[in-house]
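In: Predicted model, plus sequence, below.
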Protein chains: 2
Amino acid sequence: TLTLDELKRRRRKTVTATLECSGNGSNPGFMGAIANARWTGTSLRSLLRDAGLHERAREVVFFGADEKTEKVREQDFDMKFSRALALDDALADDVILCWEVNGEPLSAKNGAPVRLVVPGWFGIAWIKWLERIEVHDRRFMSKYMGREYVTIRGEEVDGEMLWRETQVGPIATKSIVARVTKRADGALRITGAAWTDGTPLEKVELQIDDGEWIKVELDRRNRTKHSWTFWSHIWKNPPAGEHKLVSRATDVHGRVQPALTEAPIKNKRTYWEANQQFPRKIRV
Amino acid sequence: TLTLDELKRRRRKTVTATLECSGNGSNPGFMGAIANARWTGTSLRSLLRDAGLHERAREVVFFGADEKTEKVREQDFDMKFSRALALDDALADDVILCWEVNGEPLSAKNGAPVRLVVPGWFGIAWIKWLERIEVHDRRFMSKYMGREYVTIRGEEVDGEMLWRETQVGPIATKSIVARVTKRADGALRITGAAWTDGTPLEKVELQIDDGEWIKVELDRRNRTKHSWTFWSHIWKNPPAGEHKLVSRATDVHGRVQPALTEAPIKNKRTYWEANQQFPRKIRV
């Protein structure tokens, strides 16, 4: 057992990373569940290495302080909130046990005294009110691994729908149009943000009124591997009236942010991993 | 897509391995769901390597031909039986796509035309009627990964019961007393079998009438990494009357087959991974 003071005496590590709820953008009323911040704490990898890892170690399991009675196979169990990372994911460079955000102490609401920070992963992996870490030799399951936070998606294979269930984990490649401002010369400055699971962005494109996709300018300043990227585009001489703007991000592995009408989103039956494109309307 | 003929033209591989149902031994009426056989097919690793693996590959997913309508989050889905192995487990040396057992064609009941053979793992991983193999970049879930075939086990931690759910996977260290025969000199020859997930056995012990644990003789002939080990013990001059015999196996990682009254079994709330000791009664 380590006290918070003992944890704080370990080498400090700060990572800048985007935290997104895996349900963010699943409906028009749920759009702001994302933030980019500087998270400070200590390296999980260094802690696990100091504790020593058995040759059978495969899985790192995290337990929060929050507890609920859960019915599993007709029986009631008082269970702590718990989720796991595969050992390799837990040993990634930027995973930290965090007690400070943007230079301020972490708030109780945000998981104080200590929360897990897993850059590149949806918020569900960033366990709050962390109480206990275990290393297992087999895969850990829990309500939030095997039953909730599972994406159900279909794909047409040989004329039949093949349904697959996959665990919510790394962030899906995504972008949004955030803001449009009018310049003195009458042009519009369209800005937005794009983010990935840590895979470098290949490009962000903007479509105006169902026209061609236009590559926008990426702002590479002050970026870290896991922080979002701002982008901008100048639209010269926009005609008066209502217009539709929509952006899409593509990462270097070729993962493209899909439209609402495209199969990866159309055949998704759960709201997690809602990385569809978001058309926005403006009036000039 | 590969036809069965194309599969059979690949390099043949035979592995001798013990197949055990993960519910085997969960109650006195369910004891025979175990067998040791020579399984012949072709290496999954070689097939995956020939197909080529993406740098993001993490999980290998197997779909059987058997299909069922499943209700997930209040919706009905026609789903093929499916389970996954982590990439490293799928690339293990002895995993094969099998069409022959003990030199005979695999029967339909046993999964013909092709079943997966995963030595050291409970039967649930040995997918029958294999139709489709996919490689994914994230963890695959399904009824048989996240909801069924999950062991619920409690452990007392600081005076509180901590419940954990873990996926059924590798075989649990186990042994049984199989047979007792009387020799001409009046001694009893007690024989049995022991098996593990492939970890070498450290020892098998026998207890007679709640006495001391006695190390028994292991028969190391004709063994492979994944086949069970026969053992025997000669009990000289057994007194007449009823006796209780019970065995326990220990592997080189120190995993000991627990008694029914010990915490790992006493606090297990599901019937999978029933590796408790099995006392047997005999009358001399």
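Out: Arrived safely, thanks for sending.

In: mind checking the SS state of A:Arg49?
Out: helix (DSSP: H, G, I helix; E, B strand; the rest coil).

In: Could you count how many residues lie near it?
Out: 11 (other C-beta atoms under 10 Å in any protein chain shown). Just so you know, the C-beta spots here come from the backbone N, C-alpha and C atoms, and that holds for glycine as well.

In: can you check A:Ile190 too?
Out: 24.

In: try A:Trp213
Out: 15.

In: Enumerate every residue touching it.
Out: A:Trp213 is in contact with A:Glu205, A:Leu206, A:Gln207, A:Arg248, counting by C-beta atoms under 8 Å, 6 or more residues apart in numbering or on different chains.

In: beta partners of it?
Out: A:Gln207 (DSSP bridges).

In: For chain B, state which of the contacts of A:Trp213 is nearest.
Out: A:Arg248 (20.0 Å; C-beta to the nearest C-beta).

In: Hmm, A:Phe122 is touching A:Pro170, no?
Out: Yes. Counting by C-beta atoms under 8 Å, A:Phe122 touches A:Pro170, with 7.4 Å between them.

In: Kindly state the pLDDT recorded for the residue lying farthest from the centre of chain A?
Out: The C-alpha centroid of chain A is most remote from A:Asp185, which lies 37.7 Å away (C-alpha atoms, centre = their mean). pLDDT for A:Asp185: 95.

In: now it: how far from chain B?
Out: The spacing between A:Asp185 and chain B, counted by C-beta to the nearest C-beta, to the nearest Å, is 45 Å.

In: Please apply the same query to A:Gly186.
Out: 45 Å.

In: A:Ser26 too?
Out: From A:Ser26 to chain B the distance is 13 Å (C-beta to the nearest C-beta).

In: Spit out the contact partners of that residue.
Out: Counted by C-beta under 8 Å, 6+ apart, A:Ser26 has contacts A:Tyr271, A:Trp272, A:Ala274.

In: try 6 Å this time
Out: A:Ser26 sits next to A:Tyr271, A:Ala274 when contact means C-beta atoms under 6 Å, 6 or more residues apart in numbering or on different chains.

In: what do you get for the one 5 residues further on?
Out: Residues in contact with A:Met31, defined by C-beta under 6 Å, 6+ apart, are A:Gly25.

In: Show the average pLDDT along the biggest strand by length in chain A.
Out: With secondary structure taken from DSSP state E, chain A has its longest strand at strand A:59-72. The pLDDT scores in strand A:59-72 average 95.

In: tell me the angle whichever helix or strand comes after it makes with strand B:59-72.
Out: Following strand A:59-72 in sequence order, the next helix or strand is strand A:75-86 (DSSP states H and E). Counting by axes from the mean of the first three to the mean of the last three C-alpha atoms, to 10 degrees, strand A:75-86 lies at 150 degrees to strand B:59-72.

In: What strands flank strand A:75-86, and is each parallel or antiparallel?
Out: According to DSSP bridges, strand A:75-86 forms sheet pairs with strand A:59-72 (antiparallel).

In: For the partner strand, buried residues please.
Out: Residues A:Glu59, A:Val60, A:Val61, A:Phe62, A:Phe63, A:Gly64, A:Val72 are the ones in strand A:59-72 that count as buried (16 or more other C-beta atoms under 10 Å in any protein chain shown).

In: so the last one bridges to which residues?
Out: Spelled out, it's A:Val72. Beta-bridge partners, per DSSP bridges, of A:Val72: A:Gln75.

In: in stretch A:81-91, what counts as buried?
Out: A:Phe81, A:Ser82, A:Arg83, A:Ala84, A:Leu85, A:Ala86, A:Asp89, A:Ala90, A:Leu91.

In: chain center to that stretch, what's the gap?
Out: 15 Å (C-alpha atoms, centre = their mean, to the nearest Å).

In: Using a markdown table, please lay out the contacts of A:Trp213 together with neighbour count.
Out: Shown next, in a markdown table, are those (neighbours: other C-beta atoms under 10 Å in any protein chain shown):
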| residue | neighbour count |
| --- | --- |
| A:Glu205 | 20 |
| A:Leu206 | 22 |
| A:Gln207 | 18 |
| A:Arg248 | 22 |
